[in-house]
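Participant: Dropping a prediction and its sequence here:
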Amino acid sequence: MPLSKIIDFLERIGIPARPAELPHDTFLPGLTMSGGAVLYDLDRLLYPGDLLHEAGHVALTPAAERAELSLDTPFTLGDDLAAIAWSWAALTHLQLDAAIVFHDGGYQGNARAFIENFSNRRFVGVPVLEWLGLTDERRFPEMIKWLRD
């Protein structure tokens with residue numbers, strides 16, 4: 001099952017993933033961040049791959065600031081594009097079908113375009129990952145490290 005594979009991966013790289021009862025108004029259904037962890041509500045979680053996108057935000061937040069992440073943390077377009085690239089690297093590492101993360105229920109109708117672009121090495125967000133020292137564009141989606149210092 002993709003969910004257990006994703007949770008095991010997140011725990012292995014140092015991002016806690018915990019079940020929790022969540023309110024209905026989370027940005028992604030059944031999912032949020034709190035205290036440096038990704039929290040998921042199995043009764044409300046619609047897309048298990050969304051854990052990788054949220055984990056990307058946790059991973060790209062400076063270590064000293066991760067504990068402050070919450071439902072209300074604002075992210076820029078650049079932050080979101082970097083989290084998209086991070087989640088592509090993660091799903092590739094885990095050998096998951098890209099549609100598990102880039103599903104028709106998200107990405108404002110652009111999920112298939114992201115899959116097509118990443119599959120053809122037309123990357124968005126990767127320059128940010130490179131700038132943070134997490135990967136090198138020539139070797140992406142292979143990562144040097146998964147978490148920002």
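Facilitator: The structure has been received and is ready for your questions. Numbering: from 1, shown residues only.
Participant: In contact with residue 83, which residues?
Facilitator: By CB atoms under 8 Å, 6 or more residues apart in numbering, the contact set of residue 83 is 53-54, 56-57, 60, 75, 125. Where you see a C-beta, it was placed from the backbone N, CA and C, and this is true even at glycine.
Participant: Repeat the analysis, applying 10 Å as the threshold.
Facilitator: Residues near residue 83 by CB atoms under 10 Å, 6 or more residues apart in numbering: 52-61, 75, 125, 128-129.
Participant: Over to the most centrally placed residue in the chain: give its phi and psi.
Facilitator: Centroid-nearest residue in the chain: residue 53, 2.1 Å away (criterion: CA atoms, centre = their mean). Dihedral pair for residue 53: phi -70, psi -50, per degrees, to the nearest 10.
Participant: quick one: it and residue 86 touch, right?
Facilitator: Yes - at 8.3 Å, residue 53 counts as touching residue 86 under the criterion of CB atoms under 10 Å.
Participant: Quick one: list the elements packing against the helix or strand bottoming out on mean pLDDT in the chain.
Facilitator: Lowest by mean pLDDT, DSSP states H and E among the helices and strands of the chain is strand 31-34, with a mean of 92. Where contact means 3 or more CB pairs under 10 Å, 6 or more residues apart in numbering; DSSP states H and E, strand 31-34 is packed against strand 37-40, helix 50-60.
Participant: quick one on the thing from earlier: need the pLDDT of the residue lying closest to the residue nearest to the centre of the chain once chain neighbours are set aside.
Facilitator: Excluding its sequence neighbours, the residue lying closest to residue 53 (CB to CB, 6 or more residues apart in numbering) is residue 87, at 4.8 Å. With respect to pLDDT, residue 87 scores 98.
Participant: and residue 87, how many neighbours does it have?
Facilitator: Using other CB atoms under 10 Å, residue 87 is surrounded by 27 other residues.
Participant: now swap in residue 95 and tell me
Facilitator: 7.
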